[in-house]
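K.L.:
I would like the atomic coordinates for the input below:
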Amino acid sequence: LATDILGAEIVSNVCETLVRVRPGSLRPEGALAITWATRDQRTWTFTLRKGVFFHDGTPFDADAVVGNLEHLGRERGFAGRARRIGPHVVQITLDRANAALLSTLSQPFFAIQSPRRLEGAESELPVGTGPFGLVSWNPGRVVLEAFQDYWGGAPRLSHVVFQRFADEEALARALLSGEVDVSSAIDQGRVDELRSREEITLDSQSGLNLGYLALNNERPPFDDRRVRVALSRALNRSVIVDDVLKGYGEPAHAPLPPALFTQASRARARTLALDQDRARRHLDRAGVGDGFETTLTVSTVPRPYLPEPLRLAEIVHDALAAIGLKGRIREIATWPEHVDLTSRGDFDMALLGWQADTLDPNDFLTTLLDSGSIGTTNRSRYRSEEMDRLLKRARMESATQMRGALYRRAHALFEEEMPFVPLYHA
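P.N.:
Got it, this is the predicted structure:
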């Protein structure tokens with residue numbers, strides 16, 4: 001249904017999820033489901049909204065939800081099963097308990113489509129219950145129109161057009177000319193220019209993302225925690241934010257963005273301040289005080305959390321050289337190739353990032369630190385039975401205070417072992 005960030009943004013206007021994130025909050029609220037209940041975080045019962053119709057006229061009901069989750073299981077491996085309890089009641093049983101299920105179900109990747117569409121209707125365009133229906137989806141241009149029978153009331157806009165431009169310069173010109181009304185694809189380096197124009201309103205905030213320096217924990221000397229901790233103290237994060245992000249971001253001191261860290265742990269992360277003397281002492285204790293040779297792998301293709309990858313690579317390279325590392329930069333021409341080789345562990349150090357799929361801390365922590373994610377998203381190849389136990393218990397725990405205590409312990413372990421080096425939140 002949606003396989004990338006842009007596709008998810010478009011589809012979220014067309015197809016809705018059972019739950020959604022409350023505006024201005026990180027908490028879930030009802031969308032196509034109005035209530036839910038669970039006793040053990042494994043078996044969940046959802047009561048669905050009545051009087052809702054898909055754009056093709058098909059009623060929304062329990063059978064539609066069950067069919068969608070079964071389809072998702074076949075296509076993407078949904079770790080659970082669903083069954084109809086009543087016309088508007090569905091029970092979902094997960095393979096394992098997961099307190100983050102509501103955050104997961106709030107994502108566009110779990111949006112509900114019309115059963116007719118899933119059964120192989122002639123059109124391949126998504127058909128949902130959302131405020132807009134899809135008119136056309138062509139390369140570089142997607143057109144939506146208002147769904148007048150939307151259960152939440154007809155939209156005030158009659159049409160919405162998503163338009164692709166050749167480059168950021170063309171997009172900026174379109175904004176200034178009025179050809180484009182809204183965009184979230186402006187690079188940090190152009191913000192000041194646009195902010196000075198009276199006809200442009202600019203809003204900015206740190207995203208739920210992380211740019212980080214991955215260290216291959218399976219390769220010496222990065223298998224020694226003292227080396228990894230040393231590197232975490234060799235970098236001036238404020239300089240990186242000012243240079244690479246043009247000041248539009250904030251230094252990262254933990255694997256979680258600040259909003260999620262505070263929500264998860266009810267605490268603040270300890271600052272990872274630049275301290276080259278401490279970094280050298282850690283290297284001495286690890287037996288590599290004279291430095292060592294290594295390679296920093298970087299993709300030349302910008303990402304939202306890596307807007308200037310080559311410039312960032314230069315800054316990191318120079319900072320590590322200052323504490324004795326003899327490094328070279330290996331440039332990878334495409335992002336898929338970069339993801340593939342880092343997932344396989346074919347690197348010493350690499351510049352990577354993560355954008356939240358959900359608004360739950362589990363998305364970052366299990367994704368980046370759980371040993372079960374090695375070979376996919378745990379690209380630092382970090383293994384810790386203790387971390388695995390903490391994250392598993394947190395996934396199963398529904399009590400906010402207990403989850404917070406578990407995440408505080410997980411972060412303390414992260415600080416002690418430093419599997420990778422957090423850089424910034426863009």
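K.L.:
Point out where the protein drops to low pLDDT.
P.N.:
1-6, 24-26, 121-123, 206, 261-268, 357 (pLDDT under 70).
K.L.:
In it, which residue is most central in space?
P.N.:
Ala356 (1.8 Å; CA atoms, centre = their mean).
K.L.:
State the distance from it to Pro419.
P.N.:
19 Å (CB to CB, to the nearest Å). C-beta here means a position set from N, CA and C on the backbone, and glycine is covered the same way.
K.L.:
now Leu369
P.N.:
Per CB to CB, Leu369 is found 6 Å from Pro419.
K.L.:
cool, and Leu320?
P.N.:
Note on Leu320: its distance to Pro419, by CB to CB, is 17 Å.
K.L.:
who touches Glu337 in this structure?
P.N.:
Taking CB atoms under 8 Å, 6 or more residues apart in numbering, we find Glu337 in contact with Ser299.
K.L.:
what about 10 Å?
P.N.:
299, 301 (CB atoms under 10 Å, 6 or more residues apart in numbering).
K.L.:
give me the element it is part of.
P.N.:
Using DSSP states H and E, Glu337 sits in helix 335-343.
K.L.:
what about stretch 83-100, distance to the chain center?
P.N.:
Mean-position distance between stretch 83-100 and its chain equals 25 Å (CA atoms, centre = their mean, to the nearest Å).
K.L.:
cool, stretch 36-46 as well?
P.N.:
Here stretch 36-46 is found 25 Å from its chain centre; the criterion is CA atoms, centre = their mean.
K.L.:
distance between the ends of that stretch?
P.N.:
Length of stretch 36-46, first residue to last, CA to CA, to the nearest Å: 4 Å.
K.L.:
next structured bit after the helix holding Glu337?
P.N.:
strand 349-355.
K.L.:
Ala350 versus Arg280, what's the distance?
P.N.:
Counting by CB to CB - Arg280 and Ala350 are separated by 23 Å.
K.L.:
So what's the residue count around Pro302?
P.N.:
By other CB atoms under 10 Å, 14 other residues sit near Pro302.
K.L.:
Which residue, other than its chain neighbours, is closest to it?
P.N.:
Closest residue to Pro302 apart from its sequence neighbours, by CB to CB, 6 or more residues apart in numbering: Pro309 at 6.2 Å.
K.L.:
Quick check: phi and psi on the one you found?
P.N.:
Per-residue torsions, Pro309: phi -60, psi -40 (degrees, to the nearest 10).
K.L.:
From what I see, it and Ile332 are in contact.
P.N.:
Yes - Pro309 is within contact range of Ile332, at 9.5 Å (criterion: CB atoms under 10 Å).
K.L.:
re the thing from before, quickly list what's touching both of Leu369 and Pro419.
P.N.:
Common neighbours of Leu369 and Pro419 (CB under 10 Å, 6+ apart) are 255, 378, 380, 382-384, 387, 413.
K.L.:
Mark which of these are buried, thanks.
P.N.:
Among those, those classed as buried by 16 or more other CB atoms under 10 Å are 255, 378, 380, 382-384, 387, 413.
K.L.:
any chance of those residues in JSON lines, with secondary structure too?
P.N.:
Output for those, formatted as JSON lines (DSSP: H, G, I helix; E, B strand; the rest coil):
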{"residue": "Pro255", "secondary structure": "coil"}
{"residue": "Asn378", "secondary structure": "coil"}
{"residue": "Ser380", "secondary structure": "coil"}
{"residue": "Tyr382", "secondary structure": "coil"}
{"residue": "Arg383", "secondary structure": "coil"}
{"residue": "Ser384", "secondary structure": "coil"}
{"residue": "Met387", "secondary structure": "helix"}
{"residue": "Leu413", "secondary structure": "helix"}
